[in-house]
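Chemist: Quick one, structure for this:
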Amino acid sequence: MIKCAACETENPDGSALCQNCGKAVGPSSEGSVPARRRNLTPLLVTAAVVLLAIVAGGIWMVRKGAEASESTPPKLPDPVIAEPQPQAVQSQLGDIYYPGAKTQPSIMEQGANTLINLETADPVIKVRDYYKSKLENINLLMDETDRFSLSFYKDDNKKGLISATEQDGHTVITIAVGPTAPALPPSKSAKSGKNTK
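Modeler: Numbering: from 1, shown residues only. Below you'll find the model as predicted:
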């Protein structure tokens, strides 16, 4: 027997309507929850929990990414520009100093690295040939008749870049040298004392 939720009259099993008040009885009547809906509730709760976990994880990842982008890289020391003393520059550079060159009015130091400009009346090709003969491990980066650039590696404290350009009938030589100056690492042939180019 099925009891009507509205008037509480007992109706035979399988009845769709109450025999007393005419309202719907059985599984679809007001007081009872259908079996299909009862089975769906845990699924909806599980889906809501999973969705909440995904949203929380996304927020956490966005915040971590923002924190990572806010972190600043290590700061290089501020460059110091100084008036060079030619003898000091020559002793600092050793055989990297081009013979007979004139030290330009300023040098720049940043940490342990130094940027020095020299000037000579010799042509660019002669300057390039000098460095190719004096430095054991070089890599020519650019080699033209009026300019060249090369990286060199003497040891961990003397490595860097040398470039020269022809300007107004003179050759201006720029040397960046130091322990963290940009340079290519020594090649296997450099360890045996041979030029790489």
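
Chemist: Near residue 45, how many residues? Count them for me, please.
Modeler: The number of residues packed near residue 45 is 10, by other C-beta atoms under 10 Å. Where you see a C-beta, it was placed from the backbone N, CA and C, and this is true even at glycine.

Chemist: Next: the one 3 residues further on.
Modeler: A count of nearby residues for residue 48, using other C-beta under 10 Å, gives 10.

Chemist: how close does it get to residue 54?
Modeler: With distances taken as C-beta to C-beta, to the nearest Å, residue 48 is found 11 Å from residue 54.

Chemist: before we move on, what about residue 160?
Modeler: Taking C-beta to C-beta, one finds residue 160 at 51 Å from residue 54.

Chemist: and these two? which has more neighbours close in?
Modeler: residue 160 (22 against 10).

Chemist: what's the helix or strand for the more buried one?
Modeler: Using DSSP states H and E, residue 160 sits in strand 158-167.

Chemist: go on, residue 132?
Modeler: helix 124-134.

Chemist: can you list the domains in the protein?
Modeler: The chain breaks down by automatic domain parsing into domains covering 2-70, 81-191.

Chemist: all helices of the chain, in order?
Modeler: Here the chain has its helices, by DSSP state H, at 35-70, 86-93, 124-134, 188-191.

Chemist: Which residues does the third one contact?
Modeler: The contact list for helix 124-134, computed with C-beta atoms under 8 Å, 6 or more residues apart in numbering, reads 95-96, 98-99, 120, 138, 143, 145-148, 150, 152, 162, 164-166, 171, 173, 195, 197.

Chemist: can you tell me the average pLDDT over that helix?
Modeler: If you average the pLDDT over helix 124-134, you get 93.

Chemist: Alpha carbons of it, as CSV, please.
Modeler: Coordinates of each C-alpha in helix 124-134 appear next as CSV, following Å, rounded to 0.1, in the frame of the first residue of the first chain:
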residue,chain,number,x,y,z
VAL,A,124,92.6,46.6,-38.6
ILE,A,125,94.2,43.6,-40.3
LYS,A,126,97.6,44.2,-38.5
VAL,A,127,95.8,44.5,-35.2
ARG,A,128,93.8,41.3,-35.8
ASP,A,129,97.0,39.4,-36.8
TYR,A,130,98.7,40.6,-33.6
TYR,A,131,95.9,39.1,-31.4
LYS,A,132,95.8,35.9,-33.4
SER,A,133,99.6,35.5,-32.8
LYS,A,134,99.4,36.4,-29.1
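
Chemist: If you compare the directions of it and strand 158-167, what angle comes out?
Modeler: 160 degrees (axes from the mean of the first three to the mean of the last three C-alpha atoms, to 10 degrees).

Chemist: Just give me how far helix 124-134 sits from the chain centre.
Modeler: 36 Å (C-alpha atoms, centre = their mean, to the nearest Å).
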